[in-house]
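> sequence unknown, structure follows:
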């Protein structure tokens, strides 16, 4: 399921943003100020307690439990980067977000989301250097896939599965035509007995960071994203602007990503995906649900390394799944980056998946699919998935869910977020 790769953001576009100010407009403009000390959330350092011995089957879980030096449910692995002459992008009182906020690539940013309500639109940050986003909740508008000869109610939003993925909203309800689709950018587009108005192009992601320069760090912690099975949305998209350089680092910790939904045709929904270069991707504590794919980490752009710690992924409806919860490499021709898997759980231990599916198919490379059936894909022993013929993959993924439950439970990320602190602080 290789993706069509979008044109990467050019350095010239970032420089054109000028002055480090966010794009603003009308009453919903963003306040960008020098950060006063009192609004910058500083997590309270906590000491690392002595690890409790694991009660799990040591034969089954030894490959992953031995890697992690941090007890489950305790402090996080990585602290946020130090920001220099930061600007605060304060979205706490903004009624409606702009389509994107653009910054020069040498500007450090701290992004503040509301603490008492969810943001109801996607958030896209273009540019910036070192960036910190801690806490907050993002929802997206409900979108359905367009279909011919189908009834839609007034107010329904649809997206076309071809072209540029245009979205339309029903002005009057009815049944769509048998062979036609809405087109154009008008406000009264006839289609069977439905009348549509053009809304715009599908945003593709609930939270997107793009155009960060090589050597920078984007730090995302404590965010909850609920896609509510709205069609075609990735939860998080990341990527620098230059394919020829190593790109930025992206750290994602203590996040809860729910409800990705799409099909094998048209838009492909993922919980995390690259759309640009990345030097290192580091994830610690991520809980995710998807009806299509989970973490899509293929090095289709320049990618240095991937670390996954304390990750649990599962399908919304295992009997109807059509994607992979963990996708690491497309095929044997890609230059493969090092991947570390530490306490990574995929699927459920009660195996009631769709007909013909085997447990190895929750991950890619899968051992029974071309070309990996010859090259060597995932090997399942007990509930442990390993890739013995792919030396770049260290550790294992486990079929099932953590014995302790979800790594990021409801309420642990999102509104009124408080960081549990960091290792070594």
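Okay, I see it. All values derive from a computational prediction rather than experimental measurement.

> Could you spell out which stretches of the protein belong to which domain?
94-140+203-399, 143-201 (the TED database).

> so how far is the first one from its chain's centroid?
I take that to be domain 94-140+203-399. 5 Å (Cα atoms, centre = their mean, to the nearest Å).

> what is the mean pLDDT for that domain?
Averaging pLDDT along domain 94-140+203-399 gives 88.

> Let the chain start at 56 from now.
Right, with 56 as the first residue, what we last looked at is domain 149-195+258-454.

> And it, end to end?
Chord length of domain 149-195+258-454, first to last residue, is 42 Å (Cα to Cα, to the nearest Å).

> Can you tell me the SS state at residue 468?
coil (DSSP: H, G, I helix; E, B strand; the rest coil).

> Quick check: phi and psi on it?
Note on residue 468: backbone dihedrals following degrees, to the nearest 10 are phi -140, psi 150.

> thought it was touching residue 309?
Yes: assessed by Cβ atoms under 8 Å, residue 468 is found in contact with residue 309 at 5.5 Å. From N, CA and C alone the C-beta is placed, and that goes for glycine too.

> between those two, what contacts are shared?
By Cβ atoms under 8 Å, 6 or more residues apart in numbering, residue 468 and residue 309 have these common neighbours: residue 277.

> So for residue 99, what's the pLDDT?
42.

> quick one: the spatially most distant residue from the centre of the chain from residue 352, how far?
Most distant residue from the mean C-alpha position of the chain: residue 248, 37.1 Å away (Cα atoms, centre = their mean). According to Cβ to Cβ, to the nearest Å, residue 248 stands 44 Å off from residue 352.

> go on, residue 288?
18 Å.

> Looking at the two, which one has more neighbours?
residue 288 (28 against 23; other Cβ atoms under 10 Å).

> so where do the helices sit in the stretch 356-480 of the chain?
Applying DSSP state H, counting those that start in this stretch to the stretch 356-480 of the chain gives helices spanning 427-430.

> Report the separation between residue 478 and residue 129.
From residue 478 to residue 129 the distance is 9 Å (Cβ to Cβ).

> I should have written residue 178 there, sorry.
29 Å.

> Look at these two and report which has more neighbours.
residue 178 (24 against 17).

> shouldn't the more buried one be in contact with residue 262?
Yes: look at residue 178 against residue 262 with Cβ under 8 Å: they come within range, at 5.4 Å.

> which residues are common contacts for those two?
Common neighbours of residue 178 and residue 262 (Cβ under 8 Å, 6+ apart) are residue 193.

> Do you have the helices of the stretch 106-255 of the chain handy? List them.
113-120.

> Which stretches in it count as strands?
142-145, 156-157, 164-167, 178-181, 186-189, 192-194, 199-200, 206-207, 212-214, 221-227, 229-230, 244-246, 249-256 (DSSP state E, counting those that start in this stretch).

> Now do the second one: which elements does it pack against?
Packing contacts for strand 156-157, counted by 3 or more Cβ pairs under 8 Å, 6 or more residues apart in numbering; DSSP states H and E, involve strand 178-181.

> Just the residues contacting the strand it packs on, thanks.
64, 68-69, 72, 144, 146, 152, 154-158, 164, 166, 168, 186, 193, 258, 260-266.

> And for residue 342, nearest residue in space, chain neighbours not counted?
Of all residues not flanking residue 342 in the chain, residue 463 sits nearest, at 4.0 Å (Cβ to Cβ, 6 or more residues apart in numbering).

> who's in contact with the one you found?
309-311, 340-342.

> And residue 382, how far from residue 460?
25 Å.

> So which of those two has more stuff around it?
residue 382 (20 against 12).

> Was I right to think that one contacts residue 353?
Yes: using Cβ under 8 Å, residue 382 makes contact with residue 353 at a distance of 5.9 Å.

> What is the neighbour count of residue 373?
Around residue 373 there are 17 residues (other Cβ under 10 Å).

> Please, a PyMOL command that selects the buried ones among the contacts of strand 178-181?
To isolate the buried members of the contacts of strand 178-181 in PyMOL, using 16 or more other Cβ atoms under 10 Å:
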select buried, resi 64+69+72+144+146+152+155+156+157+158+164+166+168+186+193+258+260+261+262+263+264+265+266
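
> Quickly find the element holding residue 265.
strand 260-267 (DSSP states H and E).

> sorry, back to before: go through the contacts of residue 463 and flag which are in helices.
Using DSSP state H, no member of the contacts of residue 463 sits in helices.

> just curious, which of those is nearest to residue 205?
residue 311 (32.3 Å; Cβ to Cβ).

> dump the residue contacts of that closest one.
278-280, 341-343, 463, 465, 467-469.

> among those residues, which ones are buried?
Buried among these (16+ other Cβ under 10 Å): 278-280, 341-343, 463, 467-469.

> how about CSV for the residues you listed, with distance to residue 386 added?
Formatted as CSV, these follow (distance: Cβ to Cβ, whole Å):
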residue, distance to residue 386
278, 32
279, 34
280, 30
341, 26
342, 29
343, 25
463, 32
467, 37
468, 35
469, 37
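
> Looking at the residues you listed, which is nearest residue 317?
Taking the buried ones among the contacts of residue 311 together and measuring to residue 317 by Cβ to Cβ, the closest member is residue 343, at 14.5 Å.

> how far away is the closest one from residue 296?
26 Å.

> Reformat the contacts of residue 463 as CSV; add distance to residue 444.
Output for the contacts of residue 463, formatted as CSV (distance: Cβ to Cβ, whole Å):
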residue, distance to residue 444
309, 34
310, 32
311, 34
340, 30
341, 27
342, 30
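
> Return the closest of those residues with respect to residue 137.
residue 309 (19.7 Å).

> my guess is the closest one meets residue 469, correct?
No: counting by Cβ under 8 Å, residue 309 does not reach residue 469; the two are 10.2 Å apart.

> list the residues that contact both of these two?
residue 277.
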